[in-house]
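Colleague: could you work out the structure for the sequence below:
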Amino acid sequence: MPSTKLKKKKNSTMKKRIAIYPGTFDPITNGHISLIQRASGLFDGLIVAVAKNAGKSPMFSHTERFNLVKESTKQFKEVEVIKFDCLLADLASKKGACSIIRGLRAVSDFEYEFQMALMNRRLAHDIETVFLMPSLSWVYLSSTIVKDVATNGGEIDGLVPQAVAMEMARKIKKLNLNKKKK
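Modeller: Next up is the predicted model:
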């Protein structure tokens, strides 16, 4: 009986399907890691692009966030981590991405993400935005919530990768020491 499974031909001329997952990742959370894991299974390669994002006041510098994302994703073989400070559509085109990955936690995320997807399509019409919902266990989680909990003395273990939890504790301790000196 013939097999009904489709087999991918190993052809050196086949174009790799690359997706890009941009974010500020301040800090990267287990919700982000869940989306990276799922997206990396859908594409031949995934670029996690850490945005400089001058419009926000991040807890971690651009380089610190890049290093934390790199450390937190090292188990994923097909994931490349880069820094960027340009239009996402330009970066995606330059990197040969066919898709932009965006996470949607709730209806409240949709309007902003929809506007961004339409603008990215206008700027790079051949690149599709793919919306992924986080695993149910991470729907409530955001970097902002993690920072609020951590800076107010709450427990964040299990919400972020261990390296991130340790770096946040170090950063908060340093901030608290600086406040006491003033």
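Colleague: can you give me the helices for the chain?
Modeller: 30-42, 62-72, 88-95, 107-123, 143-151, 162-181 (DSSP state H).
Colleague: can you put the ones you listed in CSV and add mean pLDDT?
Modeller: Converted to CSV, these look like this (pLDDT from 0 to 100):
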stretch, mean pLDDT
helix 30-42, 96
helix 62-72, 97
helix 88-95, 96
helix 107-123, 90
helix 143-151, 94
helix 162-181, 85
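Colleague: among those, which is nearest Val81?
Modeller: Closest to Val81 of these is helix 62-72 (C-beta to C-beta; 4.5 Å). For glycine as for every other residue, the C-beta is placed from the backbone atoms N, C-alpha and C.
Colleague: the closest one: which residues count as buried?
Modeller: Within helix 62-72, the residues that qualify as buried are 62, 64-70, 72, counting by 16 or more other C-beta atoms under 10 Å.
Colleague: nearest to Val50, out of the helices of the chain?
Modeller: Of all those, helix 62-72 sits nearest to Val50, with 4.7 Å by C-beta to C-beta.
Colleague: run the chain-centre distance for the closest one.
Modeller: With C-alpha atoms, centre = their mean, to the nearest Å as the basis, helix 62-72 stands 11 Å off its chain's centre.
Colleague: ok, residues contacting it?
Modeller: Helix 62-72 has contacts (C-beta atoms under 8 Å, 6 or more residues apart in numbering) with 24-28, 33, 48, 50, 52, 58, 60, 81-83, 85, 161, 163-164, 167.
Colleague: grab the nearest non-local neighbour of Gly31.
Modeller: Once flanking residues are discounted, Gly31 sits nearest to Trp138: 3.5 Å by C-beta to C-beta, 6 or more residues apart in numbering.
Colleague: buried residues in stretch 112-122, which are they?
Modeller: Buried, per 16+ other C-beta under 10 Å, within stretch 112-122: 116-117, 120.
Colleague: and those, which is closest to Ala89?
Modeller: Closest approach between the buried residues of stretch 112-122 and Ala89, by C-beta to C-beta: Asn120, at 4.8 Å.
Colleague: what's the neighbour count on the closest residue to the closest one other than its chain neighbours?
Modeller: Nearest non-adjacent residue to Asn120, counting by C-beta to C-beta, 6+ apart: Ala89, 4.8 Å away. Residues contacting Ala89 under the criterion other C-beta atoms under 10 Å number 19.
Colleague: how much space separates Ala89 from Thr129?
Modeller: According to C-beta to C-beta, to the nearest Å, Ala89 stands 10 Å off from Thr129.
Colleague: next: Glu113.
Modeller: 8 Å.
Colleague: shared neighbours, the two?
Modeller: Arg102.
Colleague: phi and psi next, for the nearest residue to Lys52 once chain neighbours are set aside.
Modeller: Nearest residue to Lys52, sequence neighbours excluded (C-beta to C-beta, 6+ apart): Asp85, at 3.9 Å. Main-chain torsions, Asp85, degrees, to the nearest 10: phi -150, psi 60.
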